[in-house]
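Novice: next one to model:
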Amino acid sequence: MAESISTLREVGEHIELDVGEDLLSSPRYNDDIAPTRAEQRTWSRWNVASLWVGMAICVPTYTLGGVLTAFFGLSVAEALWTILIANVVVLIPLTLNAYPGTRYGIPCPVVLRASFGIIGSNVPALIRAVVACGWFGVQTLFGGIAIHLLLSALFESWASLGGTGEVIGFFIFWVLNITVVIRGSESIKHLEAWAAPLLLIVAVGLAAWAWPKVSIPELLATPATRPEGAPVFGYFMAGLTAMVGFWATLSLNIPDFSRFARSQRAQITGQIIGLPLTMLLFSGLGVLLTAASLELVGETVSDPINLIGYIDSPAWVVLSMLMIIVATISTNTAANIVSPTNSFQNVAPRYISENRGVLITGAIGILLMSWELLQKLNWIDTDISLEALYSTWLIGYSSLLGPIAGIMVVDYFLVKKQSYDLLALYRDDAGYPAWNKAGLIAFAVPVGLTVLTLVSRGMEWSLVADYTGWFYDYGWFTGSFLGGLIYYFAALPGARSSS
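Specialist: Numbers count the residues shown, from 1 in each chain. I've put the predicted structure just below:
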């Protein structure tokens, strides 16, 4: 009996795969990273918008607003403009890189196979995965603090646990996150629809609590913390790069979600509706309340969880923490677990299922936050703060992810002309190379320049640092442009010869 052969058919603007034995036996295929079928593509523009509202309204978003003023030397008004501009800019790679996911129903690691090679795709996918695992740990830390404050408001004995209670809360929150993702994409969609409004309510409540005690005009007139007379452009660009870097991760793995969209129009309009305004409002609230917290509670508090802890009303604290817990679970599952889970499956689809990928993600998240957990248990002492981590990490990893975003866009729209050989993406012997040299070179050159800049700064090579420092400071922009440009010229000869 001859084995069945996989076939493709076009359903509206989607490509549908009828899988046969040839793919079922392929080491690059499993059911979890297979193209979505028509009945799975149910997300409307409102589901996509809810996804972004649910992801954007989170504790790190709020905290990042304060980081722009505290670490990037921007005034409150300058920080608000930076937030808006950055999230309009990041819409470009988000909507463009969502196209192949919606058209072919494939997740990010499979999209990367077209530009980096069937095996080479693991390089950018795993870099993205490690970043997501780090953010998973950060979000879980905030969720654990919320659980600790909730239980402390209910039980006095829990409050006495201090940092130990926060660590226990971390692991409770970890289990809740892992459980949601294991239940599948539909559970994420429904959770986002319910969770998105909850942190909006918390945000409105915080604003109402603070409003009578602060003066908005005075806050907007707060001077910048940068040296007096220093040009604003360099500080603005560094802050802009950090803000773009905040969603540089999702600009790569947006196919993980757009593969469930009903149409290209749904994914585009949903992202436009859901991202820029939400980020402006919530990060803007973080900017204003961080600046006002000294007057409100007597010290600068840069995250809403600890600020809510100052409210002298156990009932309101309990309600607020419940909302934050649910909303943070929604953010963490969508933004920080789905992508690395797919990336880890891409390494060995025959051996790593979705559930195993989720557990690997969770384990790495614990390891990456172990320093903070040990510090809360008073087992170690370190001067590293989460705010300082944002200010350095955001620029650093956006320098790594920018080239990948540029390569993905150029490959799909300019080199492949929006046409993938879908069957070949799941096989080792059907057209796409194991390692695509064009993609790897286009990625390595910008990353090499970034590393050179960091080394020159660390070694105080002033001449090198003077000429290359801007490349790191504006890392996402320089990396995405240079990576895309190099890929275009490196990949076109091969594309022509194979056509």
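Novice: residue ranges for the strands of this protein, please.
Specialist: In the chain, the segments counted as strands under DSSP state E are 7-11, 14-18.
Novice: against which helices or strands is the first one packed?
Specialist: Counting by 3 or more C-beta pairs under 8 Å, 6 or more residues apart in numbering; DSSP states H and E, the packing neighbours recorded for strand 7-11 are strand 14-18. Every C-beta, even on glycine, is put in place using the N, C-alpha and C of the backbone.
Novice: contact partners of the strand it packs on?
Specialist: 6-10, 34-35, 37-38, 41, 102-105, 422-423 (C-beta atoms under 8 Å, 6 or more residues apart in numbering).
Novice: can you tell me which of the residues you listed are buried?
Specialist: Neighbour counting by 16 or more other C-beta atoms under 10 Å classes Ser6, Ala34, Pro35, Arg41, Thr102, Arg103, Tyr104, Gly105, Leu422, Leu423 among the contacts of strand 14-18 as buried.
Novice: phi, psi for the second one please.
Specialist: Listed backbone geometry of Ala34 is phi -70, psi 160, with angles given as degrees, to the nearest 10.
Novice: where's it relative to Val326, distance?
Specialist: Computed as C-beta to C-beta, to the nearest Å, the Ala34 to Val326 distance reads 31 Å.
Novice: quick check: Gln271 vs Gly365, distance?
Specialist: In terms of C-beta to C-beta, Gln271 sits 26 Å off from Gly365.
Novice: give me the more crowded residue out of these two.
Specialist: Gly365 (28 against 25; other C-beta atoms under 10 Å).
Novice: contacts only, for that one.
Specialist: Counted by C-beta under 8 Å, 6+ apart, Gly365 has contacts Cys133, Gly134, Phe136, Gly137, Thr140, Trp174, Asn336.
Novice: now for those residues, which pair is the farthest apart?
Specialist: Pairwise distances across these (C-beta to C-beta) peak at 14.3 Å, for the pair Gly134 and Trp174.
Novice: just to revisit the earlier point, got TSV for the buried ones among the contacts of strand 14-18, with pLDDT too?
Specialist: Formatted as TSV, these follow (pLDDT from 0 to 100):
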residue	pLDDT
Ser6	92
Ala34	95
Pro35	96
Arg41	93
Thr102	97
Arg103	97
Tyr104	97
Gly105	96
Leu422	96
Leu423	95
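Novice: in JSON lines, list the strands of the chain along with distance to Ile201.
Specialist: JSON lines is the format used below for those (distance: least, C-beta to C-beta, whole Å):
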{"stretch": "strand 7-11", "distance to Ile201": "40"}
{"stretch": "strand 14-18", "distance to Ile201": "37"}
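Novice: would you turn those into TSV with distance to Gly484 and mean pLDDT?
Specialist: Shown next, in TSV, are the strands of the chain (distance: least, C-beta to C-beta, whole Å; pLDDT from 0 to 100):
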stretch	distance to Gly484	mean pLDDT
strand 7-11	28	91
strand 14-18	25	92
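Novice: what about Tyr310, distance to Val287?
Specialist: From Tyr310 across to Val287, the span is 18 Å (C-beta to C-beta).
Novice: these two: who's more crowded?
Specialist: Taking other C-beta under 10 Å, Tyr310 and Val287 do not tie; Val287 has more neighbours (30 against 14).
Novice: and the longest helix for this structure?
Specialist: Looking across the chain with DSSP state H, the single longest helix is helix 122-154.
Novice: low-scoring pLDDT stretches of this protein, where are they?
Specialist: 1-3, 65, 184-190, 192-193, 195-196, 199, 383-396, 398, 457-473, 493-499 (pLDDT under 70).
Novice: again, only using 50
Specialist: 1-2, 496-499 (pLDDT under 50).
Novice: list the residues that contact Ser4.
Specialist: Contacts of Ser4 (C-beta under 8 Å, 6+ apart): Gly20, Glu21, Asp22.
Novice: dump those residues into TSV; add neighbour count and distance to Arg183 as well.
Specialist: Formatted as TSV, those follow (neighbours: other C-beta atoms under 10 Å; distance: C-beta to C-beta, whole Å):
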residue	neighbour count	distance to Arg183
Gly20	14	29
Glu21	12	30
Asp22	16	31
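Novice: got TSV for those residues, with distance to Phe72 too?
Specialist: Formatted as TSV, the contacts of Ser4 follow (distance: C-beta to C-beta, whole Å):
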residue	distance to Phe72
Gly20	54
Glu21	56
Asp22	53
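Novice: from those, which is closest to Pro446?
Specialist: Looking across the contacts of Ser4 and measuring by C-beta to C-beta, the closest to Pro446 is Asp22, at 37.4 Å.
Novice: distance check, that closest one against Tyr29.
Specialist: From Asp22 to Tyr29 the distance is 9 Å (C-beta to C-beta).
Novice: what's the answer for Pro107, then?
Specialist: 12 Å.
Novice: and these two? Which one has more around it.
Specialist: Pro107 (27 against 20).
Novice: from what I see, that one and Phe257 are in contact.
Specialist: No - if you go by C-beta atoms under 8 Å, Pro107 and Phe257 don't touch, sitting 9.1 Å apart.
Novice: what is in contact with these two at once?
Specialist: Gly101.
Novice: got a list of what the nearest residue to Ala335 once chain neighbours are set aside touches?
Specialist: In space, and not counting its chain neighbours, Ala335 is closest to Met55: 4.8 Å by C-beta to C-beta, 6 or more residues apart in numbering. By C-beta under 8 Å, 6+ apart, the residues touching Met55 are Glu192, Leu250, Ser330, Thr331, Ala334, Ala335.
Novice: equivalent analysis for Ala261, please.
Specialist: Here Ala261 is in contact with Arg41, Trp43, Val48, Ala98, Gly101, Thr102, Gln267, Gly270 (C-beta under 8 Å, 6+ apart).
Novice: same check, this time on Glu354
Specialist: Asp32, Ile182, Thr341, Gln345.
Novice: now list the buried members of those.
Specialist: By 16+ other C-beta under 10 Å, these give Asp32, Thr341, Gln345 as buried.
Novice: relative to Leu359, how far out is the last one?
Specialist: I take that to be Gln345. Taking C-beta to C-beta, one finds Gln345 at 12 Å from Leu359.
Novice: not counting sequence-adjacent ones, nearest residue to Leu198?
Specialist: Met323 (4.1 Å).
Novice: for Val326, grab the count of nearby residues.
Specialist: 18.
Novice: and it, how far from Pro197?
Specialist: From Val326 to Pro197 the distance is 10 Å (C-beta to C-beta).
Novice: also Gly270?
Specialist: Distance from Gly270 to Pro197, by C-beta to C-beta: 16 Å.
Novice: look at these two and report which has more neighbours.
Specialist: When Gly270 and Pro197 are compared for neighbours, Gly270 comes out ahead with 26 against 15, by other C-beta under 10 Å.
Novice: residues contacting the nearest residue to the more buried one once chain neighbours are set aside?
Specialist: Of all residues not flanking Gly270 in the chain, Val48 sits nearest, at 2.5 Å (C-beta to C-beta, 6+ apart). Contact analysis of Val48 by C-beta under 8 Å, 6+ apart lists Phe257, Ser258, Ala261, Ala266, Gln267, Thr269, Gly270, Gln271, Gly274.
Novice: circling back to that earlier point, from the contacts of Met55, which is closest to Leu74?
Specialist: Leu250 (23.5 Å).
Novice: could you report the neighbour count for the closest one?
Specialist: With other C-beta under 10 Å as criterion, Leu250 counts 28.
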